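# Here is a sequence with its predicted model. Questions after.
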Amino acid sequence: MPTKHEINKRSASYQDYLIESLKDSKRSAAYLDAALEEGDPELFLLALRNVASAKGGLLKISKKTKLNRANLYRMLSRKGNPEFFSLESILEALGLRLAVEVRTAKKAA
């Protein structure tokens, strides 16, 4: 039976692997989409925090979205309840859109 230390080490290794894999926009979109399909808002917010971490962290996202960092942490907490506009801003800063697909670059007119 693994010790508590071994379990914590494995969890940390998985979290590191997860964050690294979520740097890819297609993977992060699929990850968020899967979390959304579960129908659990807390799970979706956790997934969104993980993607934000992979994309540079909440400080970087707060600068891109012009949302207060403390408010951003609160919105993405277990009890968070981001407003539609805030959620759209966060997803946009992550390079995603609300349909949770990879955002495509706009073509020059």
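Structure's in. What do you need? Numbers count the residues shown, from 1 in each chain.
# pLDDT below threshold where in this structure?
Across the chain, the stretches falling below the confidence threshold (pLDDT under 70) are 1-11, 99-101, 103, 105-109.
# Which parts of it are helices?
Ranges of helices within the chain are 4-21, 25-37, 41-54, 58-65, 69-75, 84-93, based on DSSP state H.
# Could you dump the ones you listed into a markdown table with mean neighbour count and distance to T104 added?
C-betas here are computed from N, CA, C, even on glycine. Formatted as a markdown table, the entries for those read as follows, by neighbours: other CB atoms under 10 Å; distance: least, CB to CB, whole Å:
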| stretch | mean neighbour count | distance to T104 |
| --- | --- | --- |
| helix 4-21 | 11 | 21 |
| helix 25-37 | 17 | 10 |
| helix 41-54 | 19 | 18 |
| helix 58-65 | 17 | 18 |
| helix 69-75 | 16 | 25 |
| helix 84-93 | 16 | 13 |
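# Make JSON lines out of those and add distance to V102.
Formatted as JSON lines, the helices of the chain follow (distance: least, CB to CB, whole Å):
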{"stretch": "helix 4-21", "distance to V102": "15"}
{"stretch": "helix 25-37", "distance to V102": "5"}
{"stretch": "helix 41-54", "distance to V102": "12"}
{"stretch": "helix 58-65", "distance to V102": "17"}
{"stretch": "helix 69-75", "distance to V102": "22"}
{"stretch": "helix 84-93", "distance to V102": "11"}
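# Pick out the residue closest to the middle of the chain.
L48 (2.3 Å; CA atoms, centre = their mean).
# residues contacting that residue?
With contacts taken as CB atoms under 8 Å, 6 or more residues apart in numbering, L48 has the following neighbours: L32, A35, L76, I90.
# any residues touching stretch 54-67, and which ones?
Residues from elsewhere that reach stretch 54-67, judged by CB under 8 Å, 6+ apart: 18-23, 28, 49, 52, 68-69, 72-73, 75-76, 86, 89-90, 92-95.
# try it again with 10 Å
Defining contact as CB atoms under 10 Å, 6 or more residues apart in numbering, one finds that stretch 54-67 is touched by 18-25, 27-28, 31, 48-49, 51-53, 68-73, 75-76, 82, 85-86, 88-96.
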